[in-house]
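# got a predicted structure here, sequence first:
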Amino acid sequence: MSGTIEHFIDGLPKAELHLHIEGTLEPEMVFALAERNGLKLPYASIEALRAAYRFKDLQDFLNLYYQAAQVLVTERDFFDLTRAYLARAAADGVRHAEIFFDPQTHTKRGVPMAAVVDGIVAALAEAERERGLTSRLILCFLRDLDAADAMATLDAALPFRRHIAGVGLDSAEAGNPPAKFAEVFQRARALGFKGVAHAGEEGPAAYVTAALDDLGALRIDHGVRSIDDAALVERLARSQVPLTVCPLSNQYLRVTPDLSRHPLRELMAAGVLVTINSDDPAYFGGYVNANYRAVQKAFDLSRAELAGLARASFAASWLDAGAKAKRIAEVEAYAAAG
Ligand code: ADE
Ligand code: ZN
């Protein structure tokens, strides 16, 4: 065994499955895009904006996240944002990324759906061409808006459907149960989209059950509150419906008091298919490898356990069976080489 465990994490091939592209907007880029688009920011400097990154809870974070996203206006802005994320992801050993975007945040300001999707997709295509980094795009509905708005957004996205693998559900969870979007998800499924949903982040374990039963979610984003319901944990383990866990996000948004009390270890021990992801890395102290490093430290994870998490990230992805097997073999070869 040579090298540090941090070095092992850096080189470990992995997939990232829970990443909001708007959550990769670094303060430097907020200022650069505001200037490019002639917008005035309510922060005096990059440092003043970064200093505001102390959150009480999910809503407190979302207020800043939606405000910062207003600097994204043109197709080029979305291209630059996505390209910067993909460069960082590639440096972290990410071989495949499944990326959320929040179109309602942009279309309600008058930004055309085409500017959003075309900008993101151009950067995804470039990364595949130049880095061999593959990807899928997931359109998220904002659950604090009404279901009719989500349905209209689905309609507006149809001209771009060849670029969009699935739909998701994010934003303020408490008081916005999955059932509110059952019809939208049913329609999306009928149109050939896969479905995932944020559930059990701030909301209860019952929302995870509802995301499975009412939305037919193929993966649960976060899902950490599942730990409160033993029957649900058993169901997740049996069905191998993956959880896309975001440890630093949970710490920053006070979903968990500190990482040593995060349910990750228990979920792994119960046989749940958990994966490690960064959620909104510009806001939560680092990209995917910072998350791997944080849980390695909190739970003293071994190289074999870290490789298991990386294997799970590909197993839980929407890559086709051949690509999945190839990536998993890469993880095994890397782990065997130590
Ligand atoms: N949108 C961006 N990040 C989110 C999170 N952690 N939970 C819900 N909605 C989000
Ligand atoms: Zn998220």
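Sure, I can see it. Residues are numbered from 1 along each chain as shown. Ligands and ions are numbered 1, 2, ... in the order given.
# residue of the stretch 101-250 of the chain nearest ligand 1, please.
Closest contact between the stretch 101-250 of the chain and ligand 1, by C-beta to the nearest ligand atom, is at residue 170 (3.5 Å). C-beta here means a position set from N, CA and C on the backbone, and glycine is covered the same way.
# residue 151 contacts residue 183, doesn't it?
Yes: with contacts counted by C-beta atoms under 8 Å, residue 151 reaches residue 183, the gap being 7.4 Å.
# quick one, strands of the protein?
14-20, 94-101, 134-142, 166-170, 194-199, 219-222, 243-245, 274-276 (DSSP state E).
# residue numbers of the stretch 151-300 of the chain in contact with ligand 1?
170, 171, 198, 201, 249, 279, 280 (C-beta under 6 Å from any ligand atom).
# run the angle between the longest helix along the chain and strand 134-142 for me.
Across the chain, the helix with the greatest residue count (assigned by DSSP state H) is helix 113-131. If you take axes from the mean of the first three to the mean of the last three C-alpha atoms, to 10 degrees, helix 113-131 sits at 150 degrees to strand 134-142.
# now for helix 113-131, which elements pack on it?
helix 75-91, strand 94-101, helix 103-107, strand 134-142, helix 147-157 (3 or more C-beta pairs under 8 Å, 6 or more residues apart in numbering; DSSP states H and E).
# tell me what angle it forms with strand 94-101.
Using the same axes, to 10 degrees: helix 113-131 against strand 94-101 is 180 degrees.
# which residues touch helix 113-131?
21, 72-83, 86, 90, 99, 101, 103, 106-107, 133-135, 137, 156-157, 159-160, 163-164 (C-beta atoms under 8 Å, 6 or more residues apart in numbering).
# cutoff 7 Å now
21, 74-79, 82-83, 86, 90, 101, 103, 106-107, 133-135, 137, 156-157, 160, 163 (C-beta atoms under 7 Å, 6 or more residues apart in numbering).
# how far out from the middle of the chain is that helix?
17 Å (C-alpha atoms, centre = their mean, to the nearest Å).
# so it versus helix 147-157, what angle?
Using the same axes, to 10 degrees: helix 113-131 against helix 147-157 is 60 degrees.
# buried residues in helix 113-131, which are they?
By 16 or more other C-beta atoms under 10 Å, the buried positions in helix 113-131 come out as 113, 115, 116, 117, 119, 120, 121, 122, 123, 124, 127.
# quick one: mean pLDDT over that helix.
Helix 113-131 comes out with an average pLDDT of 99.
# now do stretch 287-302
Per-residue scores along stretch 287-302 average to 98.
# just the C-alpha atoms of that stretch, please, in CSV.
The C-alpha trace of stretch 287-302 is given here as CSV (Å, rounded to 0.1, in the frame of the first residue of the first chain):
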residue,chain,number,x,y,z
TYR,A,287,-16.3,19.2,-4.6
VAL,A,288,-16.9,15.5,-4.5
ASN,A,289,-13.4,14.5,-3.3
ALA,A,290,-13.8,16.9,-0.3
ASN,A,291,-16.9,14.8,0.5
TYR,A,292,-15.1,11.5,0.2
ARG,A,293,-12.3,12.8,2.4
ALA,A,294,-14.8,14.1,5.0
VAL,A,295,-16.6,10.8,5.4
GLN,A,296,-13.3,8.8,5.3
LYS,A,297,-12.1,10.9,8.3
ALA,A,298,-15.4,10.8,10.1
PHE,A,299,-15.8,7.0,9.8
ASP,A,300,-12.2,5.9,9.3
LEU,A,301,-13.2,4.3,6.1
SER,A,302,-10.8,1.8,4.5
